Every structure is written in C-alpha cells, then in structure tokens.
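Enquirer: pasting a predicted model and its sequence here:
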Amino acid sequence: MWFPALAALVVGALAPVFHADAWGVPLKLLSWRMTLRATLVAGVTTFLAASIALVALPPREAAFVGLLVGGSLTLLAARRMRHERGTLLLAYRVRQPPSRDDATKAMRERFERLAKELDARTYTRLCSIAVLPMSAVGAWDESLAILEGIELEELEGDERARHAQALATCLTERGDLEGAASVLEKIDRPASDAIERWLVALEALLFAIQGASDKALELARQHDDGDGALGASYAIVRAHACACDGRDAEALKALERAREIAGHDALFRAVRPVGPATDLARELLTEVGYGERIAPSED
C-alpha cells in the first residue's frame, strides 16, 4: 500500500495549490481549514482510487491510476464556481485586519484580469460580491477601479441601475459629486423599488452636500424609511441639510440618530464626502476616541 499512500500524499499536498490557482487568489489567503479540507479530500480520493485499482493492477500502476483520478477530480472541484468562490474568499479576507491589505490588492488585480475574460453580466454579478465588503472598510479607490472595469452601456435594466448606484456611491465618497450625478443621469428611472430607494437616498445626499438643503429635506420627508441602513443615510442627509442652514443643534441631533441606528461608523459617512455637517461629525468622533481614524486626506 506504499505506492497508493505516496500518490495520496502528492495529490493532497498539491490540492491547496490547485484551488488557489483556479480561484485566482494568493495561496497564503487560504485559511488553515480550507487548506486542510482540500488536502484531506484530495488525499482520500486518490488513496481510494489507487486502492481499488490494486485489485487488477500492480502497485505502481494502481498508484498512477490514483494520481490520475484524484488529480483530475481535485482540479474539477477547484474549478467549480471558481470565480464566485475566489471572490467570496477575498471578500471575507478584506474584512479581516491582518489580511486586509493583501486581500484588497489581490481583489483589484483579480478584477483587472476578469474584465478581460468575462462577459458584462458575469463581471457585474461578481462586482456586487466584491464591492460591498471593500466599501465597508473604506477601500473606495479599489472599489471604484473594480466598478469602472465595465461600461454602463453594456448593461441593461436592474443590472445597469444597481451598478450605477454602486459606482455613483464610490464617486460620491471620493468627492466627485459631478461624476456621481452624471452616472445617475445615464440610467432609466424609476428603477425597481429595492434599487430606487437607494438611488433616491443618494440623490438626497448629493443635494445636501452641495447646499440644496430644501430639496434634500423634501426627499428625506418623502422617503425616510426610519430604522435600518436607509434610515441612517437619511439621518446623515438631514444633518448636512440642517448644518447648511446654520441649524447646528438639529444637525447634531440627526447625527446622533444616525449613530443610534448604525453605530459610530455611520458618523464616518458624514465625514466623507465633505459636507456642511462634516466638522460636527468629526467632533463627535473625536469625543468618543475615534478621531485617529479620520484620515488627513478627508480634510
């Protein structure tokens, strides 16, 4: 049984490499659990195939059969939904501080390749997996680079509207308000209800940041969903609009409401992009010890 065992050892050792290569991710970003599982499954499969082949073949030939069967099945398993699995792995790693920088870099490089390999719909679907966790940790430049890997004109319907919403959000976070407004003008309105609600919230934010407080507050009155992420977004809209009109007490109350709904991270959405309530949000963050997280570039 030495030859089947050796074949199992070889395939098992190579299995994590097969998976990392097929998924398009650095090997070091695979977790120990994923590495161990890939190794065990590939090794056991190879050993069983070689052991069965021993019934009719000499040990060396049986081991070769095991290598062929185990290696082939491992490669097939690694390639199954490889784009989705690789993107999900990197999206998870982006949220982990120790691996964040490596994962963010790998994600950007990954989508540079995928933009040349995939059709527009598949690329856009993967974008939605990648951009949400990256934007959650403030990787706006990388998120924007990924989203700009596809032209809006190549998409239709809800896919186009959803992609435009994500693209406009990234542009807004980087302070390119004209660019964000231009993107929103390229899609048919209204979009489906789930997307339209966020598009309106983004429009309200753009109005508030640019000083059109009346328009921003009107949209907030009409569409505020109360609790939840949208509620926090409209609280920030009201904060900017009130601060623009010189009503700092009401702006602070709105910021406190945003923090109540979504925690301290909600205040960072009032810091960047820069708007009338930015200084008030900075003060609140500094009071609770989050001032060091405000990058100088956001001034």
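Expert: Now that the structure is in, tell me what you want to look at.
Enquirer: mind showing which ranges of this structure have poor pLDDT?
Expert: Counting by pLDDT under 70, the ranges of the chain that qualify are 225, 288-299.
Enquirer: which residues in it form strands?
Expert: Counting by DSSP state E, no segments of the chain form strands.
Enquirer: would you mind measuring the gap between the ends of stretch 48-66?
Expert: From the first residue to the last, stretch 48-66 extends over 7 Å; the measure is Cα to Cα, to the nearest Å.
Enquirer: so which residues make contact with it?
Expert: Contact partners of stretch 48-66, identified using Cβ atoms under 8 Å, 6 or more residues apart in numbering, comprise 1-4, 6-8, 11, 46-47, 67, 69-70. In short, each C-beta sits where N, CA and C put it, glycine included.
Enquirer: farthest-separated two in these?
Expert: Pairwise distances across the contacts of stretch 48-66 peak at 18.2 Å for Trp2 and Val69 (criterion: Cβ to Cβ).
Enquirer: neighbour-wise, which of those two wins?
Expert: In terms of neighbours (other Cβ atoms under 10 Å), Val69 is the more surrounded of Trp2 and Val69; the figures are 19 against 8.
Enquirer: how near is the residue lying closest to that one once chain neighbours are set aside to Ala5?
Expert: Ranked by Cβ to Cβ, 6 or more residues apart in numbering and with sequence neighbours excluded, the top spatial neighbour of Val69 is Ala49, at 3.8 Å. When Cβ to Cβ, to the nearest Å is applied, the distance between Ala49 and Ala5 equals 13 Å.
Enquirer: so these two - more neighbours on which side?
Expert: Ala49 (24 against 16).
Enquirer: if I look at that one, how far off is Ala77?
Expert: As defined by Cβ to Cβ, Ala49 lies at a distance of 14 Å from Ala77.
Enquirer: and for Ile261?
Expert: When Ile261 is compared with Ala77 (using Cβ to Cβ), they lie 43 Å apart.
Enquirer: what does Leu171 give?
Expert: As for Leu171, its distance to Ala77 is 40 Å (criterion: Cβ to Cβ).
Enquirer: which one of these two has more residues nearby?
Expert: A count of neighbours by other Cβ under 10 Å puts Leu171 above the other of Leu171 and Ala77, at 23 against 17.
Enquirer: perfect, I'm done here.
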